[in-house]
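> coords please:
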Amino acid sequence: MDRFEDSEIDYYSWNDYTTLNQFSLLAEHARERYHAQLNQETIACLEDLNDHNADFYWYEWKMYEAASKDDFLLAAQYDDDRFQSLEAMMRELDRMAAKYNWDLD
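You can find the predicted model right below:
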């Protein structure tokens, strides 16, 4: 959750005045989150969720990387992919909650 919260903080920190260098720093943060997720040890029942999380952080990294190279069209495409992976992550969490009778409220 800390990793995801850090991602959200970074995501809402940029605006029309964010420089390419600042996007480069955001890309570095996202790259670190991606590699941390890849190195996350999980139990077998969490592997699918972990894979969706890794996808999310990879798209986040690539989004910032594209923005840091002034390719905002590609960055927008990666942002769309990031959002799709977030939706997949939430579907997997909901599936697991139903399977294991978790209360997510």
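> which ones are touching residue 35?
With contact set as CB atoms under 8 Å, 6 or more residues apart in numbering, residue 35 has no partners. In short, each C-beta sits where N, CA and C put it, glycine included.
> now swap in residue 88 and tell me
By CB under 8 Å, 6+ apart, residue 88 lies in contact with 52, 55.
> any idea which helix or strand carries it?
helix 72-100 (DSSP states H and E).
> try residue 64
helix 47-68.
> which parts of that helix are buried?
48-68 (16 or more other CB atoms under 10 Å).
> hmm, back to that, can you state the direction angle for the helix holding residue 88 and helix 47-68?
Going by axes from the mean of the first three to the mean of the last three CA atoms, to 10 degrees, helix 72-100 is angled at 160 degrees with respect to helix 47-68.
> quick one: buried residues of helix 72-100?
Here helix 72-100 shows 75, 78-79, 81-82, 85-86, 88-89, 92-93 as buried, counting by 16+ other CB under 10 Å.
> can you pull the pLDDT of the spatially closest residue to residue 42 that is not a sequence neighbour?
Among residues not flanking residue 42 along the chain, residue 50 sits closest, at 4.6 Å (CB to CB, 6 or more residues apart in numbering). Residue 50 carries a pLDDT score of 93 in this model.
> same thing with residue 80?
Looking at residue 80, its pLDDT reads 98.
> that one and residue 13, how far apart?
From residue 80 across to residue 13, the span is 20 Å (CB to CB, to the nearest Å).
> ok, residue 73 next?
As for residue 73, its distance to residue 13 is 21 Å (criterion: CB to CB).
> now swap in residue 90 and tell me
Counting by CB to CB, the gap from residue 90 to residue 13 is 23 Å.
> likewise residue 20?
15 Å.
> mean confidence score for stretch 34-42?
With pLDDT averaged residue by residue, stretch 34-42 scores 94.
> CA-only coordinates of that stretch in CSV, if you can.
The C-alpha coordinates for stretch 34-42 follow below in CSV (Å, rounded to 0.1, in the frame of the first residue of the first chain):
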residue,chain,number,x,y,z
TYR,A,34,8.5,-1.3,-10.5
HIS,A,35,11.7,-3.1,-9.4
ALA,A,36,10.5,-3.3,-5.8
GLN,A,37,7.3,-4.9,-7.0
LEU,A,38,9.2,-7.4,-9.1
ASN,A,39,11.3,-8.3,-6.1
GLN,A,40,8.2,-8.6,-3.9
GLU,A,41,7.9,-12.1,-2.5
THR,A,42,4.4,-13.4,-2.6
